[in-house]
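J.: here is a sequence together with a model predicted from it:
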Amino acid sequence: MSHHYRLYSSMLVLFETSAGYAIFKLLDESKLKNVDNIWEEFSTAEKAQQCLKLVAFKKFKDTAEALDGINHLNEGKLGKTLKKVLRSKMEENENLAVGDTKLGNIIKEKLDMQCVSNAATAELMRGIRAHVDSLLGEHKQEMAAMNLALAHSLGRYKVKFDPDKIDTMIVQAVSLLDDIDKELNNYIMRCREWYGWHFPELGKIVQDHQAYAKVVRTLGMRQNAEKTDLSSILSEELETRVKDEAEISTGCDISESDLLNIKQLCDQVIAMSAYRAQLADYLKNRMAVLAPNLTALLGELVGARLISHAGSLMNLAKYPASTVQILGAEKALFRALKTKRDTPKYGIIYHAQLIGQASARLKGKLARKLAAKVSLATRIDALGDEPHGAVMGTESRAYLEAIARSEQERGSKRMSGVSTAHEPYHFKNEILDYDTAADSTVKERKRKTFADQEEEQAEAGTFTNGGTPHKRFKEEIEEAPGTPKEDPKKKRIKVEEVEQTEVDQGTTEQTPKEKHKKKKKAKKSQDEEDE
């Protein structure tokens, strides 16, 4: 099926190359009528030259300008060089054929030029690309030289290549640092055991490994301690102790060949320690450039171990926070999943300063929060287009330190009413008896006798038998008309005792002890009456 397009008064064609911008003029516009036949017009170089004529070719000054121009075109933007070329070569009534529709829209918007981008122009660009060497003529040599250089520059730009951003150096450096630490520990242990046969007291006095190797290298035989100056290695106090212990040492003597080999081992320890310090500085500087936010959060050593374990900074950036938290504890994780036990809370991240300073109660919580911040910091370091420094890492570290402080204070100052945690309930198999002593009972009130009622009525002046005293009470009064009046209290006591005795005898049987007490009371009352 053939497609027909309207003809234009005059048309120019913009073609981008690695050496510069080429502008062609379409000589016979009628050939664009049928899209299917356009390729036949460019079947040979001679036919292509009959269709197009080179109007202008603006070459790039260097690779940097070429890279900038190509990047602008890829991003749909206009570069300065392209603007100058179009303004100088385009006329008012001319149309411009471009291969990219977005680029045509931008040219129309920025420069107010009529641009054409359709299937016909796409076939036209295809024909130009096939015979570009013959169409450019003398400029083809410059384009061939720029092709390779621009391809390398463009590829480097695409992958954001930066020599300072190579994380392979970090991986190798931290692995080498671990190997050096292992070898250094083996060497210094062998040196202490070897020289300990000759001077065993020195190992207890000098604890620093590098200082120990330097002392052995300088001292030699322990007999030379008095004449040897160790002030550049040890403090005055330690130097005095070394010299004093050398005089009374219990070590055995060694030969000169033994001492020579020990000194060579000390030289290895000193050189390896110096190289380790240099490698640590190199790793610190590399981490500050490669992952500044990660370094601010974890430190250069722990951050480098995470990158090394993940394989690269980009791989670490792809991990979620939960994976970052347990990175390095995979063996414990799968063992816990297999045995259906609790999974580990942290891996390499445990060695970070923030986790180490926290209490055991807060380590898990801080590890979770720190892993989330590390995940964000790693993505900023790996995927950020522009360097932002360690702003995010520093702010996140301050935030986590504030949380750790507040949680620590909250743990030391418990809220009122929650002084201690509730103890877990344990079932006790025991039988409890009811304690009756804890019951609340009402006191037993004393029952009133007839004598008590009559006495109360006599004192109040009221009687139950129509206003006359009780017969017995009246007879007792009439028995002794001439006797002096007795004390009412004594009379009341006497009546109460008599009545109480009668009641007790009628109700309960008295014990011998109670009978004796009552006889004694009756005798006492009789004596009082006689008096």
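T.: Yep, that arrived. Numbers count the residues shown, from 1 in each chain.

J.: contacts and neighbour counts: CA atoms only from here.
T.: Noted.

J.: quick check: chain neighbours aside, which residue is closest to Tyr21?
T.: Distances taken as CA to CA, 6 or more residues apart in numbering put Lys58 closest to Tyr21, at 5.1 Å, once the chain neighbours are dropped.

J.: elements contacting the helix or strand hosting the one you found?
T.: Assigned by DSSP states H and E, Lys58 belongs to strand 52-59. Contact partners of strand 52-59 among helices and strands, from 3 or more CA pairs under 8 Å, 6 or more residues apart in numbering; DSSP states H and E: strand 20-26, helix 132-136.

J.: to Val174, which of these lies closest?
T.: Closest to Val174 of those is strand 20-26 (CA to CA; 45.9 Å).

J.: which residues in the chain form strands?
T.: Under the criterion DSSP state E, the chain contains strands at 11-16, 20-26, 52-59, 95-97, 114-116.

J.: between strand 11-16 and the second one, find me the angle.
T.: In terms of direction (axes from the mean of the first three to the mean of the last three CA atoms, to 10 degrees), strand 20-26 departs from strand 11-16 by 160 degrees.

J.: who touches strand 20-26?
T.: 10-16, 51-60, 66, 82, 143 (CA atoms under 8 Å, 6 or more residues apart in numbering).

J.: and what of the longest one?
T.: With contact meaning CA under 8 Å, 6+ apart, strand 52-59 is reached by 19-27, 85, 89, 135-136.

J.: run the last query once more with 6 Å
T.: The contact list for strand 52-59 (CA atoms under 6 Å, 6 or more residues apart in numbering) reads Ala19, Gly20, Tyr21, Ala22, Ile23, Phe24, Lys25, Leu26, Leu27.

J.: among those residues, which ones are buried?
T.: Ala19, Gly20, Tyr21, Ala22, Ile23, Phe24, Lys25, Leu26 (16 or more other CA atoms under 10 Å).

J.: adding distance to Asn71 and pLDDT, write those out as TSV.
T.: Shown next, in TSV, are the buried ones among the contacts of strand 52-59 (distance: CA to CA, whole Å; pLDDT from 0 to 100):
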residue	distance to Asn71	pLDDT
Ala19	14	78
Gly20	13	80
Tyr21	14	83
Ala22	17	83
Ile23	19	85
Phe24	22	86
Lys25	25	85
Leu26	27	84
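
J.: for these, which one is nearest Arg335?
T.: Nearest to Arg335 among these, with distances taken as CA to CA, is Ala19, at 61.2 Å.

J.: how near is that closest one to Trp194?
T.: With distances taken as CA to CA, to the nearest Å, Ala19 is found 71 Å from Trp194.

J.: list the buried residues for stretch 376-388?
T.: Leu376, Ala377, Thr378, Arg379, Ile380, Asp381, Ala382.

J.: now the two most distant members of the residues you listed.
T.: Pairwise distances across the buried residues of stretch 376-388 (CA to CA) peak at 10.1 Å, for the pair Leu376 and Ala382.

J.: what about Ser396, neighbour count?
T.: By other CA atoms under 10 Å, 21 other residues sit near Ser396.

J.: ugh, wrong one, Lys345
T.: 17.

J.: how about Asn315?
T.: 14.

J.: and for Lys518?
T.: Look at Lys518: counted by other CA under 10 Å, it has 15 neighbours.

J.: state the distance from it to Ser525.
T.: Lys518 is 11 Å from Ser525, by CA to CA.

J.: in the protein, which helix is the longest?
T.: Across the chain, the longest stretch assigned as helix under DSSP state H is helix 256-290.

J.: what comes up buried for that one?
T.: Buried residues in helix 256-290, counted by 16+ other CA under 10 Å: 259, 262-263, 265-270, 272-273, 276, 279-280, 283-284, 286-290.

J.: please report how far Lys373 lies from Met392.
T.: Distance of Lys373 to Met392, computed by CA to CA: 9 Å.

J.: do the same with Arg222
T.: Taken as CA to CA, the span from Arg222 to Met392 is 56 Å.

J.: with Glu456 instead?
T.: For Glu456, the distance to Met392 - CA to CA - is 100 Å.
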